Structures are given as C-alpha cells and as structure tokens.
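Chemist: fold the following, please.
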Amino acid sequence: MQTSVAIQVLPNVDSDDEVVKIVDEVIAYIKSTGLHYYVGPYETVIEGDDYDQLMDIVKECQHVAIRAGAPKVASYVKIEYKPEGEILTIDKKVSKYHQK
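Modeler: Numbers count the residues shown, from 1 in each chain. All right, here's what the predicted structure looks like:
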C-alpha cells in the first residue's frame with residue numbers, strides 16, 4: 001500500500017439517528033469501492049495504491065452525505081502518502097489489538 005486516508009464525515013443534521021443514517025451511507029459507498037478499509041468510532045481509514053483514486057473517494061463521500069440528506073457536511077481528512085515504497089498499514093497498526 002502506498003496511500004492511507006482517514007476520513008471523518010460530520011453531517012450537519014438535527015439528530016444522532018440522522019447522523020448514523022448518513023454516515024452509514026458513506027461507509028456503504030466506501031465498502032463499494034472494493035478497497036481495504038477499517039471503520040473506527042470516529043473515522044474510517046481507506047488504503048490503496050492509487051493516490052488519485054483515494055482523493056476521488058474522499059470527494060465523493062461529501063456528495064454521498066448530501067444525497068443521503070445532509071444539508072451541509074464537514075469532513076476531517078488525514079492522508080499518508082508514500083509514492084515509493086510501503087506505508088504502515090491498517091493491519092500493522094491495529095491487528096495486535098484485535099486478536100481472536
């Protein structure tokens with residue numbers, strides 16, 4: 001993996017139920033991309049080898065939230081990009097905490 005993006009989507013809506021509904025739509029979209037991802041309590045991390053594809057996904061998350069009913073959306077994004085070589089992956093970062 002060369003790129004890792006963490007995105008927190010914050011729909012500006014009136015209730016927690018609406019937030020969950022809209023964020024669920026965003027996560028379903030991220031799942032549909034087929035990339036490796038990890039849902040945490042505050043953000044979702046997506047990994048891939050194509051930086052531009054990940055930036056397009058970040059952009060589309062905003063559109064998905066608006067189409068799902070948010071009149072306005074704010075997002076916080078963290079990007080790790082290493083064009084030559086490997087980044088520290090989701091699995092390397094958290095798998096030791098999720099042992100079976």
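
Chemist: wait, a strand at residue 6?
Modeler: Yes: assessed with DSSP: H, G, I helix; E, B strand; the rest coil, residue 6 lies in a strand.

Chemist: that one and residue 77, how far apart?
Modeler: According to CB to CB, to the nearest Å, residue 6 and residue 77 sit 7 Å apart. Using the backbone N, CA and C atoms, a C-beta is placed for each residue, glycine as well.

Chemist: those two - which one has more neighbours?
Modeler: residue 6 (18 against 14; other CB atoms under 10 Å).

Chemist: any idea how far residue 31 is from the more buried one?
Modeler: Distance, residue 6 to residue 31, using CB to CB: 16 Å.

Chemist: go ahead and name everything in contact with stretch 40-59.
Modeler: 1-8, 26-27, 29-30, 33, 35-38, 75-79, 81, 83, 87, 89-90 (CB atoms under 8 Å, 6 or more residues apart in numbering).
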